[in-house]
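Student: Following is a predicted model, sequence given first.
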Amino acid sequence: MQLKTYIDTTAKAVLEQIKADIGSDAVILSKREGKDENGNPWVEMTAGVERGRSQNQESNLTQGFGGAGTSNDILELNNPASVLDLAKQHIGGSFYASEIESNAPPGWAKWHEEWACIKESLMTLMKPSLRLDQLSPRQRLALEYLQREGVEDTVMLKIYRRLLRDQNASVLASLTEIVPTLAWGGSCWNQHCHMITGPYGIGKTCTLIRLALHFRRMNQGARVLLVNADSVRTGGRLLLKHYADLSGMQYFEAGQAADWRNFLSQNTKKNFDLVLVDLPSFDRNHNLMNFFNEQGVTGTSFDTQDMAVHLVLSPLFGQAQLTELTERYNSPLSGSIIWGKLDEASSFGALVNVSSSTGLPISALSYGSGLRDTLSPADDAMLWRLVFKKQFPS
């Protein structure tokens, strides 16, 4: 590697020197700054570039960030924070594709695909900078375990940066900041209408019945309305109606927009303590927001502050599929993640990854094949016993 040191009055001026001299493939190896005897500021950087590279050759990284780069595109690879900040600068703070403005520049989709490859390469470069030996033995063991469980590198970096500031910090406390829990049925859920959705075969109808039974058990005499808004699946409809009859709950079908206006009316709110809605599943050509628009749910005639959508997922899905599913089922009403089929999974890193990327709390954990006593409202201790000890809620 060819090394060279540059000095100027500002960091920007030094970076411009480096780019003009050895090109945008340069890697910043060190940086110092201070003031001379007259009080004038100075900045010194040592940069390196691999021998044999053409100076006018564009790096793949600069191309991925939109063609001709700026001096700020030179990465300080020995500083994980600078790499992460640069990534945030170029991809923005929005997670969901549906939040991208409609006037996105031409070729954005292709750029987004290329960025996924670039991000993977960035994380590979950053791994050597995750000096686990700088952490306490307990912290290091916990991070190594999370890596084996499939926790993504971006999440690992968040935890690492928190722990690096305090070697006495608890790994669980850092994880709780990233993966919040909001227990189902608690006072924190003040919405009247809760909608349950999820991909085909995930068991969302069974999950809805479990939520209803738990609510009735915790609130004796509560009036519960079960609404079937999934007109495609006959089996789910029959199951929901059957358990409504057995448990003394009211049942209603909402196949059209007019039906939604009926069960979301103020009279329904007066007559029932809780409304649970079984939403349909969607293939890759449809999504939850389109469904809401068709039913008029997002219009001004409904009190959306009184609604919440809970997405049922399973750690059996791969990370790429989980990312696509959270985008497909994203809406302004998104309230929480409910994790199901936990008894069929062998690792639980996905629980950490999804909450980290979406910001949604975990409200309940579901396991087993029955409908009674197979769902528990989530709390921090229960969640981390599951992740670290593979211990299901009793």
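Tutor: The structure has been received and is ready for your questions.
Student: how close does the nearest residue to residue 182 once chain neighbours are set aside sit to residue 311?
Tutor: Spatial nearest neighbour of residue 182, excluding adjacent residues (Cβ to Cβ, 6 or more residues apart in numbering): residue 361 at 4.0 Å. Where you see a C-beta, it was placed from the backbone N, CA and C, and this is true even at glycine. Distance, residue 361 to residue 311, by Cβ to Cβ, to the nearest Å: 11 Å.
Student: Show me the common contact partners of the two, please.
Tutor: Common neighbours of residue 361 and residue 311, counting by Cβ atoms under 8 Å, 6 or more residues apart in numbering, are 336, 337.
Student: Of those two, give the one with the bigger neighbour count.
Tutor: residue 311 (29 against 16; other Cβ atoms under 10 Å).
Student: Could you tell me how many residues sit around the residue lying closest to the more buried one once chain neighbours are set aside?
Tutor: Computed as Cβ to Cβ, 6+ apart, the closest residue to residue 311 that is not its neighbour in sequence is residue 329, at 5.0 Å. Using other Cβ under 10 Å, residue 329 has 23 other residues around it.
Student: quick one: contacts for the closest residue to residue 328 other than its chain neighbours?
Tutor: Excluding its sequence neighbours, the residue lying closest to residue 328 (Cβ to Cβ, 6+ apart) is residue 287, at 4.8 Å. Listed by Cβ under 8 Å, 6+ apart, the contact partners of residue 287 are 98, 327, 328, 329, 330.
Student: re earlier: ok, the residue nearest to residue 182 - contacts?
Tutor: 179, 180, 181, 182, 336, 337, 355, 378.
Student: Output the contacting helices and strands for whichever helix or strand residue 145 is part of.
Tutor: Residue 145 is part of helix 137-148 when elements are defined by DSSP states H and E. Using 3 or more Cβ pairs under 8 Å, 6 or more residues apart in numbering; DSSP states H and E, the elements in contact with helix 137-148 are helix 153-165, helix 171-178, helix 380-389.
Student: which other residues reach it?
Tutor: 132-133, 135, 156, 159-160, 163, 167, 169, 171, 347, 349, 352, 387-388.
Student: Mind doing that once more with 10 Å?
Tutor: The contact list for helix 137-148, computed with Cβ atoms under 10 Å, 6 or more residues apart in numbering, reads 127, 130-136, 151-153, 155-156, 159-160, 162-164, 166-172, 174-175, 347-349, 352, 387-388.
Student: From those residues, list just the buried residues.
Tutor: 130, 135, 151-153, 155-156, 159-160, 162-163, 169, 171, 174-175, 348-349, 352, 387-388 (16 or more other Cβ atoms under 10 Å).
Student: one step back: for the contacts of residue 287, which one is nearest residue 4?
Tutor: Here the nearest of the contacts of residue 287 to residue 4, counting by Cβ to Cβ, is residue 327; it sits at 44.6 Å.
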